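K.L.:
give me the fold of what follows.
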Amino acid sequence: MKKINSKYSNIRTYKKRIVRVLEIEITIPIESADPIIFTSNNNQLIFLCIHQTAIRTSAGVQYWEREFLKAISKDSNLQIEELCEFERMCMFSFSYEIRKTSDCKKNVKDNYIFCQKELLKDTISSDRFYTDSRVLEYLEDNYDREKFLRTRTLLK
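P.N.:
The predicted model follows:
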């Protein structure tokens, strides 16, 4: 499968257009308190938000939550007092809204469409559990992919 050419593939379909997501607003509910709401243009955080379902399904919810916490802890738009609420964050009901996008060039759109078609084919035809290519792409940029693969049962 082709890899979308960027450290974090922040490309998705939004309002029937293929766009690069540049900024999102994140809402994190806090147990017995007002939610934390902040805007971010952090590419890693955007990647984790727009691909959350695939990552949670493929690599596990705990993996996604840990990476999400790492990313928000580095975000300058989140105040330290808000970050101190990490133990009371209701990650399962967090949400985000896309705030800014940019149009993609034709070759990027074509590559995105090709990758999405391949992912759909793999999902429909597979009777096994597999690690989604977006998780593997994220691992290549952040971790030792081979070590991760050796520690997981990818195919059952």
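
K.L.:
surely Tyr112 touches Lys105?
P.N.:
No: judged on Cβ atoms under 8 Å, Tyr112 makes no contact with Lys105 at a distance of 10.6 Å. Glycine gets a C-beta too; all of them are placed from N, C-alpha and C.

K.L.:
those two: which is more packed in?
P.N.:
Neighbour count, other Cβ atoms under 10 Å: between Tyr112 and Lys105, Tyr112 has more, with 20 against 9.

K.L.:
hmm, who's touching stretch 70-89?
P.N.:
Here stretch 70-89 makes contact (Cβ atoms under 8 Å, 6 or more residues apart in numbering) with 26, 28-33, 36, 38-40, 42, 44-45, 48, 69.

K.L.:
hmm, try it at 7 Å
P.N.:
For stretch 70-89, contacts defined as Cβ atoms under 7 Å, 6 or more residues apart in numbering pick out 28, 30-31, 33, 36, 38-40, 42, 44-45, 48, 69.

K.L.:
if any of these are buried, give me the PyMOL selection for them.
P.N.:
With 16 or more other Cβ atoms under 10 Å as the criterion, this PyMOL line picks the buried residues out of the contacts of stretch 70-89:
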select buried, resi 28+36+38+40+42+44+45+48
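
K.L.:
just give me the closest of the contacts of stretch 70-89 to Gln116.
P.N.:
Using Cβ to Cβ, the shortest approach to Gln116 within the contacts of stretch 70-89 belongs to Leu48, at 18.5 Å.
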